[in-house]
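[1] fold the following for me, if possible:
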Amino acid sequence: MRRVTYSMGVSLDGYIVGPDGGFDWTAPDEEVFRSSIDEIREAGVHLLGRRLYETMLYWETADQDPSLDDSMLEWAALWNPLPKVVFSTTLSAVRGHARLASGGVAEEIERLRAEPGEGDIAIGGATLAAEAAASGLIDEYRARVHPVLVGGGIPFFPQRERRVDLELVEARTFSSGVLYLRYRVTR
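    Predicted structure coming up:
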């Protein structure tokens, strides 16, 4: 069965964006960006909320930007053909290799798991991940912990009163001080 993974940059105090909505502190250096490229290679489909989808639209035409380095071009070459499912109540259409979700997160994940296909079902965005976590559908949490305290904002982990036991699968420290933590949900 395909794994469902949730991966984002997170502040040391647990937020994916600060109280002002900013996330400039998550801008990766080359080493951290390479790890994101390695991670996206494992994805077979990516689930996104509207805000993350709109942020990632940049990559649809990024390969035409002459200022991009080789790593960014590699990311664009992997990201653009990757199937995406966008969850939105306000969008009527999406671009590229994306489609609007026809059901809730749980229904979409179950549909994707039932279809033939390879690669992880990756989730981006805390709100979407919280919904999947509430249904017990996340198999792995992957956090790139940045050395910053932002004091509030949108939390990485869903604020549910439910215990979830995790097993550390991988830990890496990058030269920038970013710590990569990969945990598998134990069932």
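
[2] torsion angles phi and psi at the residue most central in space within the chain?
    For the chain, the residue nearest the mean C-alpha position is residue 124 (2.8 Å; Cα atoms, centre = their mean). Main-chain torsions, residue 124, degrees, to the nearest 10: phi -120, psi 130.

[3] could you report the pLDDT at it?
    We have a pLDDT of 89 for residue 124.

[4] let me see the contact set for it.
    Under the criterion of Cβ atoms under 8 Å, 6 or more residues apart in numbering, the neighbours of residue 124 are 6, 7, 8, 46, 47, 48, 49, 52, 56. Bear in mind the C-beta positions are built from the backbone N, C-alpha and C, glycine included.

[5] give me that answer again for 10 Å
    Applying Cβ atoms under 10 Å, 6 or more residues apart in numbering, we find residue 124 in contact with 5-8, 16, 43, 46-49, 51-53, 55-56, 84.

[6] out of the residues you listed, which sit inside strands?
    5, 6, 7, 8, 16, 43, 46, 47, 48, 49, 84 (DSSP state E).

[7] ok, back up a step: ok, of the contacts of residue 124, which one's closest to residue 93?
    Ranked by distance to residue 93 (Cβ to Cβ), the contacts of residue 124 are led by residue 53 at 11.5 Å.

[8] confirm for me that that closest one is in contact with residue 97.
    No - Residue 53 lies out of contact with residue 97 (Cβ atoms under 10 Å); the separation is 11.9 Å.

[9] between these two, who's got more neighbours?
    residue 53 (24 against 14; other Cβ atoms under 10 Å).

[10] nearest residue to the more buried one other than its sequence neighbours?
    residue 86 (4.6 Å; Cβ to Cβ, 6 or more residues apart in numbering).

[11] so what's that neighbour bridging to?
    Beta-bridge partners recorded for residue 86 (DSSP bridges): residue 48, residue 100.

[12] relative to residue 36, how far out is it?
    Going from residue 86 to residue 36 by Cβ to Cβ, to the nearest Å gives 20 Å.
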